[in-house]
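K.L.:
when you get a sec, could you give me coordinates for this:
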Amino acid sequence: MGGSSELQAALLAAVDAVFASEQVPQVQRLVDQPSHTYAKDEVEAAAELLDGAAAALGLTLRRIPDPTGRFADHRIYSTPATEEDGEALALVGHIDTVFPRSLGFLKFVREPADGDVIRGPGVLDMKSGLTVILFALRAVKEVDPERFERLKVRLVCVSDEEVGSPSSARVVYDELAAKTSAAMVFEAGRAEDRIVTRRKGGGSFTVTASGRAAHAGNDHRAGRNAIHALALLIPRIEALTDYERGVTVNVGLIEGGTAKNTVPDRASCTIDTRFETAADAEAVSQALRALAVDPFAEVMSMPAKLKDVTFEVSGGVTRPPMESTPATQRLRELYERHAAAVGLQVGEAPLQGGGSDANLLAAQGVPCIDGLGPAGRYYHRVEEWSSLGSLRRRTQALALFLALEDPGSIRD
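P.N.:
Residues are numbered from 1 along each chain as shown. Next up, the predicted model:
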């Protein structure tokens, strides 16, 4: 291949040549195979479609079972030059969706038949993003096979992202972080093609109050009402919210008691927490556990017998925050050169409230950028749609990046 301009033109042409005839049908096959996270066999069937496409590219497959057996196997597909314990660029996605069959949202639809909009379960979040990776790698292999043979890339596809990656966080990302030079995550594209460099972290906690049961009519005095005690503690829990720091603590569920004529001996609440920094994640965790030790320190008036009620806190941080670093910004700037070259807008997205697997790698020091899938709207809703024009450009941008950049130089 001649100069870089000739190489760029050839890569763009390679993506264009198979976009309508092969990439869009690949998206359709993936979308038409339902893959709700907890429908393990269906997620496996969708992942097997990826297995075939990856094998056709000459990628090697490593399957990683979920130790609990709840989820389908996670996958890592590696290029020929990637050594088992060697450092490589990670291109990250997930095959599971939030749509069970019972919703009736099951099929890929293009509107109109030759239009730009495609709909279907996971078409935006994030099955089309997986095809960005596959077809960008294919373009590099076809146009510059010598470059492809030198590429050190892992395509990471997990099966539990939509429920917080409880399995893959441990059996995939904890191992992968140390041998990942940088990570690019192909979740849905954001407004104006902005690149995601920061995401809030999140945690889930349960506070359980234990009191003493008694008959409400015959022996009320002997009871220790766990619901009453928990109700007094909840304002202190909610007061941990600090909007200026980006910390929110939300009591979203509460339950307790067995009958209206029984003093309840047990009550619990489930708490969603969000934070922007690792320091605040730790601070929130410590504050909640401290409340359980001294629950009524700031309660001005309460029945003395409620002091016999005890509290326990369980749970913890489920996804650490994704914080931007200088290496993250270098990665974004390298990618954006090629995004701009294919007509995508450039720039940094605002802080995102939801998490992704970028959080897990970034928290372990891996430079990550996210939101590299095609644009669209309404992910997690049955109105979900994605743009084919955006899908084409995202595939071209990644092909240029893989062919022309050295991700191994990014990490500090």
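
K.L.:
and the residue of the chain most remote from its centre, helix, strand or coil?
P.N.:
Residue farthest from the centre of the chain, counting by C-alpha atoms, centre = their mean, is Asn218 at 52.9 Å. In the three-state summary, Asn218 is assigned as coil, counting by DSSP: H, G, I helix; E, B strand; the rest coil.

K.L.:
that one and Asn261: what is the separation?
P.N.:
9 Å (C-beta to C-beta, to the nearest Å). Where C-beta positions appear, they are placed from N, C-alpha and C, glycine not excepted.

K.L.:
again, but for Asp193
P.N.:
61 Å.

K.L.:
neighbour-wise, which of these two wins?
P.N.:
Asp193 (23 against 10; other C-beta atoms under 10 Å).

K.L.:
and the more buried one, what pLDDT?
P.N.:
Asp193 is assigned 96 on the pLDDT scale.

K.L.:
same check, this time on Ala297
P.N.:
85.

K.L.:
count of neighbours near it?
P.N.:
Using other C-beta under 10 Å: Ala297 sits among 9 other residues.

K.L.:
can you classify it by secondary structure?
P.N.:
Taking three-state DSSP, the label given to Ala297 is coil.

K.L.:
C-alpha coordinates for stretch 383-394, CSV please?
P.N.:
In CSV, the C-alpha atoms belonging to stretch 383-394 read as follows (Å, rounded to 0.1, in the frame of the first residue of the first chain):
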residue,chain,number,x,y,z
GLU,A,383,-38.7,2.5,20.7
GLU,A,384,-34.9,1.9,20.5
TRP,A,385,-33.4,2.8,17.2
SER,A,386,-30.1,3.4,15.6
SER,A,387,-28.7,5.2,12.5
LEU,A,388,-27.1,3.3,9.7
GLY,A,389,-25.2,6.3,8.5
SER,A,390,-23.6,6.7,11.9
LEU,A,391,-22.9,2.9,12.0
ARG,A,392,-21.0,3.2,8.7
ARG,A,393,-19.0,6.2,9.8
ARG,A,394,-18.1,4.6,13.2
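
K.L.:
mean confidence for it?
P.N.:
On average, stretch 383-394 scores 97.

K.L.:
run the chain-centre distance for that stretch.
P.N.:
19 Å (C-alpha atoms, centre = their mean, to the nearest Å).

K.L.:
now what about it, what contacts it?
P.N.:
Stretch 383-394 has contacts (C-beta atoms under 8 Å, 6 or more residues apart in numbering) with 15-16, 19, 23-24, 27, 105, 110-111, 115-125, 128-129, 131-132, 186, 188-189, 193, 339, 342-344, 372-378.

K.L.:
how does it look with 6 Å?
P.N.:
With contact meaning C-beta atoms under 6 Å, 6 or more residues apart in numbering, stretch 383-394 is reached by 19, 116-119, 123-124, 128, 132, 342-344, 374-376, 378.

K.L.:
narrow the residues you listed to those that are buried.
P.N.:
19, 117-119, 123-124, 128, 132, 342, 344, 374-376 (16 or more other C-beta atoms under 10 Å).

K.L.:
of these, which is the nearest to Gly203?
P.N.:
Nearest to Gly203 out of the buried ones among the contacts of stretch 383-394 is Leu124 (C-beta to C-beta; 26.4 Å).

K.L.:
quick one, strands of the stretch 101-250 of the chain?
P.N.:
109-111, 117-119, 153-158, 180-185, 201-210, 214-215, 248-256 (DSSP state E, counting those that start in this stretch).

K.L.:
so which of the ones you listed comes closest to Asp294?
P.N.:
Nearest to Asp294, of the strands of the stretch 101-250 of the chain and by C-beta to C-beta, is strand 201-210 at 13.4 Å.

K.L.:
ok, for Ala292, nearest residue in space, not its chain neighbours?
P.N.:
Closest residue to Ala292 apart from its sequence neighbours, by C-beta to C-beta, 6 or more residues apart in numbering: Phe311 at 4.1 Å.

K.L.:
count the residues that sit near the residue nearest to Pro407 when sequence neighbours are not counted.
P.N.:
Nearest non-adjacent residue to Pro407, counting by C-beta to C-beta, 6+ apart: Leu89, 4.1 Å away. A count of nearby residues for Leu89, using other C-beta under 10 Å, gives 24.

K.L.:
again, but for Ala139
P.N.:
With other C-beta under 10 Å as criterion, Ala139 counts 27.

K.L.:
likewise Val43?
P.N.:
24.

K.L.:
name the nearest residue to it, ignoring sequence neighbours.
P.N.:
Ala72 (3.9 Å).

K.L.:
what about the one you found, distance to Gly122?
P.N.:
14 Å.

K.L.:
from the contacts of stretch 383-394, which land in helices?
P.N.:
Counting by DSSP state H, the contacts of stretch 383-394 place 128, 132 in helices.

K.L.:
among the contacts of stretch 383-394, which one sits closest to Leu253?
P.N.:
Closest to Leu253, out of all of the contacts of stretch 383-394 and judged by C-beta to C-beta, is Tyr378, at 25.7 Å.
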